[in-house]
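Participant: Quick one, what's the 3D model for this:
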Amino acid sequence: MNKILNINIGGIIFNVDEKTYERLKSYLNEISKHFKDSEGGDEIINDIESRIVELFQQKLNSKKEVITLADVDEVISIMGKPSDFESSEENDYYDPDVKQYSKKRMFRDIDNRMLGGVCSGLGAYFRIDTLWFRLGFVIATFSGLSILAYIVLWVIIPPARTVSEKLEMNGDPVTISNIEKAIRDEMDGIRDTLDDLAAKAKRKFRKRS
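Facilitator: Residues are numbered from 1 along each chain as shown. Now for the predicted structure:
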């Protein structure tokens, strides 16, 4: 009979047997080794671990309290391994041998919001230009129901805060490669914004001087 161990992933405790522990430990070490010295590595690792936690939690219920080796193997097949894509970055991180799950979930898109991100979230979920939802709410405002409906949706639809949630909002597979790509794109966007602000500040300084 295998000994049951308690492990901590992302602050959440899971029960695993010894064989499962060794398999999971090897996988997490591979992820850590691959990203630890790269830009944004800590954030990438944290988001990957958060997604693993979410997948493990989906496996557990009142009748099942231990994560099995089969569970870990399934998570690995969903998430992929760094070695799966490290030599094929030119292919947009896609690996045909990795299971591509793209179950969409509805979130508020707070990165592209005008108010609460409801319309931009609906646009992402239904793959319709956000402008149409915004126009619809404006037109419906004259009926007196639009504002109430918007507030209700604002309350019941959660915001997409993590990288995994943003990928799910757009129907993209939540894999290691996509998490890395999303974080790097986000960092590039922040860097471009800071560069633009610095350039504007320099131009204003030159005009004043």
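Participant: only C-alpha atoms for contact and neighbour calcs from this point on.
Facilitator: Will do.
Participant: got the contact list for stretch 178-186?
Facilitator: The contact list for stretch 178-186 (CA atoms under 8 Å, 6 or more residues apart in numbering) reads 40, 43-44, 47-48, 93, 163-164, 167, 172.
Participant: Which pLDDT value goes with residue 40?
Facilitator: On pLDDT, residue 40 comes in at 85.
Participant: Give me the buried positions along stretch 25-39.
Facilitator: For stretch 25-39, the neighbour count (16 or more other CA atoms under 10 Å) marks 27-28, 31-32, 34-35 as buried.
Participant: oh, I was asking about stretch 201-209
Facilitator: In stretch 201-209, counting by 16+ other CA under 10 Å, buried: nothing.
Participant: ok so, going back, export the buried residues of stretch 25-39 to a markdown table and append columns for secondary structure, distance to residue 126 and pLDDT.
Facilitator: As requested, the buried residues of stretch 25-39 are exported to a markdown table (DSSP: H, G, I helix; E, B strand; the rest coil; distance: CA to CA, whole Å; pLDDT from 0 to 100):
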| residue | secondary structure | distance to residue 126 | pLDDT |
| --- | --- | --- | --- |
| 27 | helix | 35 | 95 |
| 28 | helix | 35 | 95 |
| 31 | helix | 33 | 94 |
| 32 | helix | 36 | 93 |
| 34 | helix | 35 | 91 |
| 35 | helix | 34 | 91 |
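Participant: ok, then the element right after the helix or strand of the chain with the lowest mean pLDDT?
Facilitator: None of the helices or strands of the chain scores lower by mean pLDDT, DSSP states H and E than helix 82-85, at a mean of 74. Downstream of helix 82-85, the first helix or strand assigned by DSSP states H and E is helix 118-126.
Participant: For that next one, give the mean pLDDT please.
Facilitator: On average, helix 118-126 scores 93.
Participant: try stretch 187-195
Facilitator: 83.
Participant: Which residues does it contact?
Facilitator: residue 40.
Participant: For residue 43, give me its contacts.
Facilitator: residue 183.
Participant: and the strand or helix carrying it, how far out from the chain's middle?
Facilitator: Following DSSP H and E, one finds residue 43 within helix 41-59. Mean-position distance between helix 41-59 and its chain equals 9 Å (CA atoms, centre = their mean, to the nearest Å).
Participant: And the next helix or strand past it?
Facilitator: strand 66-67.
Participant: Can you spell out which helices and strands pack onto that following strand?
Facilitator: strand 12-17 (3 or more CA pairs under 8 Å, 6 or more residues apart in numbering; DSSP states H and E).
Participant: one step back: type out the PyMOL command that picks the buried ones from the contacts of stretch 178-186.
Facilitator: Remark: buried members of these, expressed as a PyMOL selection using 16+ other CA under 10 Å:
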select buried, resi 43+44+47+48+93+163+164+167+172
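Participant: Make TSV out of the contacts of stretch 178-186 and add distance to residue 122.
Facilitator: Shown next, in TSV, are the contacts of stretch 178-186 (distance: CA to CA, whole Å):
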residue	distance to residue 122
40	30
43	27
44	27
47	24
48	26
93	27
163	18
164	17
167	14
172	16
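Participant: now, the most widely separated pair of the contacts of stretch 178-186?
Facilitator: Greatest spacing in these, by CA to CA: 40 and 172 (20.6 Å).
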